[in-house]
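Trainee: only geometry, no sequence info:
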Ligand SMILES: Nc1nc2c(c(=O)[nH]1)N=C([C@H](O)[C@H](O)COP(=O)(O)OP(=O)(O)OP(=O)(O)O)CN2
Ligand SMILES: [Zn+2]
C-alpha cells in the first residue's frame with residue numbers, strides 16, 4: 001500500500017427514471033410527474049493499491065451504485081417502502097441511495113463521501129455524513 005499525505009476521491013455516475021409526487025408541497029410538483037434522475041457517488045481514501053494504482057476499481061463502484069439504482073428505476077417512488085410517509089424529494093432520494101450504497105462498501109480505508117441526485121441539470125441535492 002502507498003500512503004502519503006494526499007487524499008484520493010473517485011466519483012461515478014449513474015441514473016434512473018422514475019415518477020414521484022412531492023408531499024406537503026404546494027405547486028405543480030405535488031402532481032404526478034417524472035424525471036431522468038442523474039446520480040453521482042463519491043468515495044475517498046488515502047491508500048492506493050501499489051500494483052493496480054487504484055483506490056477502488058471504478059467498475060466495482062459503478063456496479064454497486066447501479067444495483068441500488070435498479071431498485072428505483074421505472075418505479076413510482078411514492079409506492080416504494082423507503083419512501084412510505086416520506087416525500088420522495090431529491091434530498092430524501094440522495095439519503096436513501098447513500099445509506100444503501102454504504103452498506104455495500106467493504107474495503108477498509110475507502111469511505112463513501114457523498115451522493116448527489118439531480119432532477120435536471122440545474123437542480124442538485126447532495127447528501128453526506130460527516
Ligand atoms: N429542494 C428541493 N426542491 C424541489 C424538489 C426537490 O426534490 N428538492 N423537487 C421539485 C420537483 O420534483 C420538480 O419536479 C422540480 O421542479 P423544477 O425545479 O421547477 O423543475 P422543472 O423542470 O419543472 O423546471 P421549470 O423551471 O419549472 O421549468 C421542486 N423543488
Ligand atoms: Zn419532481
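Mentor: Received the coordinates, thanks. Everything numeric here is computed off the predicted structure, so don't read it as measured data. Ligands and ions are numbered 1, 2, ... in the order given.
Trainee: tally of neighbours for residue 58?
Mentor: Residues lying near residue 58 (other Cβ atoms under 10 Å) number 12. Backbone N, C-alpha and C define where each C-beta goes, glycine included.
Trainee: and it, how close does it get to ligand 1?
Mentor: Distance, residue 58 to ligand 1, using Cβ to the nearest ligand atom, to the nearest Å: 28 Å.
Trainee: cool, and residue 23?
Mentor: From residue 23 to ligand 1 the distance is 11 Å (Cβ to the nearest ligand atom).
Trainee: find the nearest non-adjacent residue to that residue, please.
Mentor: residue 87 (3.9 Å; Cβ to Cβ, 6 or more residues apart in numbering).
Trainee: isn't that neighbour right up against residue 77?
Mentor: No - assessed by Cβ atoms under 8 Å, residue 87 is found out of contact with residue 77, at 9.5 Å.
Trainee: tell me which of these two has more neighbours.
Mentor: Ranked by neighbour count (other Cβ under 10 Å), residue 87 and residue 77 place residue 77 first, with 23 against 18.
Trainee: surely that one touches residue 83?
Mentor: Yes - Residue 77 lies in contact with residue 83 (Cβ under 8 Å); the separation is 5.4 Å.
Trainee: secondary structure element holding the residue nearest to residue 29 when sequence neighbours are not counted?
Mentor: Nearest non-adjacent residue to residue 29, counting by Cβ to Cβ, 6+ apart: residue 22, 4.5 Å away. Following DSSP states H and E, there is no helix or strand that holds residue 22.
Trainee: isn't residue 22 up against residue 90?
Mentor: No - Residue 22 is not in contact with residue 90 according to Cβ under 8 Å; the separation is 9.9 Å.
Trainee: look at these two and report which has more neighbours.
Mentor: A direct count of neighbours by other Cβ under 10 Å for residue 22 and residue 90 places residue 90 higher, at 21 against 18.
Trainee: now residue 15: how far from ligand 1?
Mentor: For residue 15 relative to ligand 1 (Cβ to the nearest ligand atom), the value is 15 Å.
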